[in-house]
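**Q** the amino acid sequence is not available; the structure is as follows:
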């Protein structure tokens, strides 16, 4: 057997041993938690630059879809130019539109270490759908899912300066090129989550079904550590129906309950430090001590990914908010302290996941960030 063949076999064996996501997870200090911003006026429903432009109907194949897409693209181009953007387009007929092909477009914004090759980085994947329901006519979908999209834009902005510093320091020290070190983040804004007529396996999740299928059948080059884009996802964190007061978000999935507990700990620490604005009757993430799990009946954009082995943390309230799929699901019915608190909690979770304690602001830098 040639030395080259032996090397290949050893590499493949190592891949099988290390195929699970590798995460260096260090809790943020209290001082770092205090630096995680809330988004403030950027979530204003009338003039906020993150949320206000997408508080409109955003049905696939309509002008509102295009407005939302342009909003996301302009935000990343102007504020986060180091993030790459990828379009994943598909079309489908729907029960409500007959034989007409409806366009669906998933947008993926990604920040990876600058030295990585294709298929090398493990990616924290933060997800929300941006389309709105076709009925009732004029439905906006603020919790479903404009606010989650705005939250993820804010989280991307929160991460960016720390990710930049981390990559610069790693490059200077020559620390890149290992599975543990090559961490990145991607924001998936998915289209076509909503049913056009009634929720079925084929009338729903148009964008996520197409993307999961495509990524499964898109192998990376030979000798890449990760087999395909699905394999790169270290955690698929899906936000949906967030923005109403007093949410109860259960822990749905036993295999990722450890990640749920980490986020619940962040919420608890932030409340004790007085960093959160809302005063709910119970924690948002109230099941950190849960021990018994049953199959979840909540269907959502995670399903096509989880069915292919992707680890999922599903952040959706149960019961659903009272405005769900009603005309009242608009900006006026959002609870803004809750929206801003989710922005802080998810932002802190992402910073922890990406091991950003390595670049914690110290001294004058930390004080300046707080001001």
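**A** Perfect, I can see it now. Remember, it's a predicted structure, so these values are computed and weren't measured experimentally. Residues are numbered from 1 along each chain as shown.
**Q** quickly list what residue 111 is bridged to.
**A** Taking DSSP bridges as the rule, residue 111 bridges to residue 185.
**Q** OK, contacts around it?
**A** 80, 82-84, 156, 159-160, 163, 184-186 (C-beta atoms under 8 Å, 6 or more residues apart in numbering). Placement of C-beta: from N, CA and C, glycine included.
**Q** which SSE is the closest residue to residue 27 other than its chain neighbours in?
**A** Closest residue to residue 27 apart from its sequence neighbours, by C-beta to C-beta, 6 or more residues apart in numbering: residue 352 at 6.1 Å. Per DSSP states H and E: residue 352 is located in helix 336-353.
**Q** which parts of the stretch 151-300 of the chain are strands?
**A** Applying DSSP state E, counting those that start in this stretch to the stretch 151-300 of the chain gives strands spanning 183-190, 233-239.
**Q** quick one, helices of the chain?
**A** 3-18, 30-35, 63-79, 147-173, 206-216, 257-272, 303-306, 336-353, 363-370 (DSSP state H).
**Q** how about these, which one is nearest residue 285?
**A** Closest to residue 285 of the helices of the chain, according to C-beta to C-beta: helix 257-272, at 3.8 Å.
**Q** output the contacting helices and strands for that closest one.
**A** helix 30-35, strand 312-315, helix 336-353 (3 or more C-beta pairs under 8 Å, 6 or more residues apart in numbering; DSSP states H and E).
**Q** which elements pack onto the longest one?
**A** By that I understand helix 336-353. With contacts taken as 3+ C-beta pairs under 8 Å, 6+ apart, helix 336-353 sits against strand 122-129, helix 147-173, strand 233-239, helix 257-272.
**Q** any idea which of the ones you listed is most buried?
**A** strand 122-129 (a mean of 26; mean count of other C-beta atoms under 10 Å).
**Q** do you know the pLDDT at residue 181?
**A** pLDDT for residue 181: 79.
**Q** burial count for it?
**A** 19 (other C-beta atoms under 10 Å).
**Q** for this structure, which residues score under the pLDDT cut-off?
**A** Within the chain, the segments meeting pLDDT under 70 span 1-24, 179, 363-371.
**Q** centroid residue for it?
**A** residue 126 (1.3 Å; C-alpha atoms, centre = their mean).
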